[in-house]
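In: predicted model follows, preceded by the sequence.
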Protein chains: 2
Amino acid sequence: MPSDNTPLFNRVALIGLGLIGSSLGHVMKRDGLAGHIVGNARTEETCAKAVEIGFVDSASIDPAEAAQDADLVVICTPVGVIADIAATIAPVLKKNAIITDVGSVKMAVIRDVGPLLPVGVHLVPGHPVAGTEHSGPESGFPELFEGRYCILTPPPGTDESAIDRVSELWRRTGSVVEIMDAKHHDRVLAVTSHLPHLIAYTIVGTASDMESSGRDADATGDDVAANEVIKYSAGGFRDFTRIAASDPVMWRDIFLNNREAVLEILGRFTEDLTALQRAIRWGEGDALEDLFARTRKIRRGVIDMRQAGTFKATEQEAAQDPES
Amino acid sequence: MPSDNTPLFNRVALIGLGLIGSSLGHVMKRDGLAGHIVGNARTEETCAKAVEIGFVDSASIDPAEAAQDADLVVICTPVGVIADIAATIAPVLKKNAIITDVGSVKMAVIRDVGPLLPVGVHLVPGHPVAGTEHSGPESGFPELFEGRYCILTPPPGTDESAIDRVSELWRRTGSVVEIMDAKHHDRVLAVTSHLPHLIAYTIVGTASDMESSGRDADATGDDVAANEVIKYSAGGFRDFTRIAASDPVMWRDIFLNNREAVLEILGRFTEDLTALQRAIRWGEGDALEDLFARTRKIRRGVIDMRQAGTFKATEQEAAQDPES
């Protein structure tokens, strides 16, 4: 591997300049990981903004122009357009170019992108498990990936040196790199990320509907007034609002592209929730207490793993929790 | 109202010395809000610990002994034992004593406690909307209530000066006091707090079961390994673990004592989740995106209301969010 002062790649194309793309640009610029970074976004405005902020050296609204001559192409778009991007850039990719992505589902990327790429181009799908509820080219910051996992899911037979080079890039961002089977990735993330987001979106929507309906099913006509949900959100609701503020298009694509795993995990969740509902209806206090005591232990595990959030959140929790 | 240097109450009894009781003791001691604070807990050990830490002046394992001669009794136990406590202390309460509590449900408190109290004793039920996932006499700190809402739900006809005195106590802790009908309180909190906790408990339990089962429904035998859920929790799951670590007995009692409102809100949530599940199954991307875009706006509302957590969380979010 090159020393810290030598670029890892001569020319890098960032396709998509949202939170992840811009953060990756920032860290590559800060640490000199790329000789030249060319960005691609759908609008001239975003391209100009990216050059102005400085996390790319140049930018184009044409993905093929951006990918031309690139040693590494990082597709940082929502999962739903990755295949279109791949089809557009495939004809211009140079031999031994490496293609990676940052999508939250990996089976669909391998299935849709793999067949489009010319022989001699290496696909190393990736997923940095990092993010905030913010999006767009101005939301990025170079520390986003520090201390977070980045999962790579190269299909069997992928060129080892390509895997090594993508791994090294992510390690330089401060991430811990894990190699995983794509199908397993999609299943694990369905539990740890996709279902939580689905639940958070649902509960925030349910609460919002109660506020805005101006009526409810209570026979006394007792309404939950506008703003009361937000006003008293510190009681628990606010914990859901952060992830329910995540990028809508990105998450639409995740659910549509990890359908089977999400529906299967959702089925388990619904069974468990129904059992809990029944315990409440029938006043089965022991069943409730047993579950609640069990879940408490899991929180300790999260804190112990030091994975309880971004560094800021981790510091906050460490300050609150003498056991951490 | 007395000046800041005069005790609001000569003698205060804190019944229950967990997170809320100990935090209230800390702030009353720090600011001289009580002439004498007597604590009550179930064990001699907790009583001794409370005196040693110093958030009470004296302590007894007998609630009646603690409540004797008190001008204010604050019941800080789980909701399920409040009625028993009230029955125990009722005979010793002095005339014009004020009884309040900190329970997360209020109809049950009024229904169960009101009839037990002698004439001339004033019941002012309360609910500080504040907490952490920690519990016990060592978890309290005087800043817990700062900037948080405290909801009082005095029944019609309650002595106004008693309401004023309890309100002033909570204002002195740094809380914003709101007066609300008890039934309305229970309904609002079912949405903003009880349902979120129920969902968080469920999803953490579901994920834990997948890890520990050592098998799953995937025909390929692909298991989610032990620790993978925690390892990749930064993808969203961790947001649920904090509230799923809340005190098990306290939450058991909340669900059993706010059954109707919780079941009704849960019914709405389940309907909404089923609709979303169907949209995923049938690939209805527009329906998903519409909901996700709508919920994002609600997060902005939470941040705008500056109710997005404890002060530490608010600072953290303010630092991350240029719009706040």
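Out: Received, thanks.

In: which ones are touching the residue in the stretch 1-150 of chain A that chain B sits nearest to?
Out: With CB to the nearest CB as the measure, A:V129 is the residue of the stretch 1-150 of chain A nearest to chain B, at 5.0 Å. For glycine as for every other residue, the C-beta is placed from the backbone atoms N, C-alpha and C. Contact analysis of A:V129 by CB atoms under 8 Å, 6 or more residues apart in numbering or on different chains lists A:R148, A:Y149, A:C150, A:I151, A:L189, A:S193, B:Y232, B:A234, B:G235.

In: equivalent analysis for A:R172, please.
Out: A:R172 touches A:L8, A:V27, A:D31, A:L33, counting by CB under 8 Å, 6+ apart.

In: distance of the closest residue to the last one other than its chain neighbours from A:M28?
Out: Translated: A:L33. Nearest residue to A:L33 in three dimensions, chain neighbours excluded: A:L8, at 5.0 Å (CB to CB, 6 or more residues apart in numbering or on different chains). Noted for A:L8: a distance of 8 Å to A:M28, by CB to CB, to the nearest Å.

In: can you check A:L116 too?
Out: Applying CB to CB, the value for A:L116 to A:M28 is 25 Å.

In: who has more neighbours, those two?
Out: A:M28 (25 against 19; other CB atoms under 10 Å in any protein chain shown).

In: tell me which element the more buried one falls in.
Out: helix A:19-31 (DSSP states H and E).

In: quick one: buried residues of the very next helix or strand once past that helix?
Out: Using DSSP H and E, the helix or strand that follows helix A:19-31 in sequence is strand A:34-40. Residues of strand A:34-40 classed as buried by neighbour count (16 or more other CB atoms under 10 Å in any protein chain shown): A:A34, A:H36, A:I37, A:V38, A:G39, A:N40.

In: where in chain A is pLDDT low?
Out: For chain A, the stretches flagged by pLDDT under 70 are A:1-5, A:212-223, A:226, A:305-324.

In: now do the domain split for it, please.
Out: A:9-180, A:185-283 (automatic domain parsing).

In: now do the end-to-end distance for the shortest one.
Out: The reference is to domain A:185-283. Separation of the first and last residues of domain A:185-283 by CA to CA, to the nearest Å is 39 Å.

In: and the gap between A:E211 and chain B?
Out: Using CB to the nearest CB, to the nearest Å, A:E211 is found at 9 Å from chain B.

In: got the contact list for that residue?
Out: A:V224, A:A225, A:A226, A:N227, A:E228, A:V229.

In: strands of the stretch 151-300 of chain A, start to end?
Out: A:176-179 (DSSP state E, counting those that start in this stretch).

In: ok, and the closest non-adjacent residue to A:G21?
Out: Leaving aside its chain neighbours, A:G21 sits nearest to A:C76 (3.5 Å; criterion: CB to CB, 6+ apart).

In: chain center to the biggest helix by length in chain A, what's the gap?
Out: Ranked by residue count and defined by DSSP state H, the top helix of chain A is helix A:259-281. For helix A:259-281, the separation from the chain centroid amounts to 24 Å (computed by CA atoms, centre = their mean, to the nearest Å).

In: could you do stretch A:275-285 as well?
Out: Using CA atoms, centre = their mean, the offset of stretch A:275-285 from its chain centre is 35 Å.

In: pull out the buried residues from that stretch.
Out: The neighbour-count check on stretch A:275-285 (16+ other CB under 10 Å) flags A:L276, A:Q277, A:A279, A:I280, A:E284, A:G285 as buried.

In: can you tell if it touches chain B?
Out: Yes - for stretch A:275-285, a contact with chain B is found by CB under 8 Å from any CB of the partner chain, at A:L276, A:Q277, A:I280, A:R281, A:G283, A:G285.

In: ok, which pair from the residues you listed is furthest apart?
Out: Maximum pairwise distance among these (CB to CB): 14.4 Å, between A:Q277 and A:G285.

In: okay, the residue of the stretch 1-150 of chain A closest to chain B and B:A245: tell me how far apart.
Out: Counting by CB to CB - A:V129 and B:A245 are separated by 21 Å.

In: A:A244: what's it in contact with?
Out: Residues in contact with A:A244, defined by CB under 8 Å, 6+ apart, are A:H197, A:A200, A:Y201, A:I203, A:V204, B:F292, B:T295, B:R296, B:I298, B:R299.

In: please repeat the previous calculation with a cut-off of 7 Å.
Out: The contact partners of A:A244, taken as CB atoms under 7 Å, 6 or more residues apart in numbering or on different chains, are A:A200, A:Y201, A:V204, B:T295, B:R299.

In: what about the closest residue in space to A:M250 that isn't next to it in sequence, how many residues close to it?
Out: Closest residue to A:M250 apart from its sequence neighbours, by CB to CB, 6+ apart: A:P78 at 4.6 Å. Using other CB under 10 Å, A:P78 is surrounded by 19 other residues.

In: quick one on the thing from earlier: in JSON lines: the contacts of A:R172, plus distance to B:K95 and neighbour count.
Out: Output for the contacts of A:R172, formatted as JSON lines (distance: CB to CB, whole Å; neighbours: other CB atoms under 10 Å in any protein chain shown):
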{"residue": "A:L8", "distance to B:K95": "80", "neighbour count": "20"}
{"residue": "A:V27", "distance to B:K95": "70", "neighbour count": "22"}
{"residue": "A:D31", "distance to B:K95": "74", "neighbour count": "16"}
{"residue": "A:L33", "distance to B:K95": "77", "neighbour count": "22"}
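
In: show me the two of those residues that sit farthest apart.
Out: A:L8 and A:V27 (11.5 Å).

In: wait, A:Q277 touches B:L266, no?
Out: Yes - here A:Q277 reaches B:L266: they are 5.8 Å apart, a contact under CB atoms under 7 Å.
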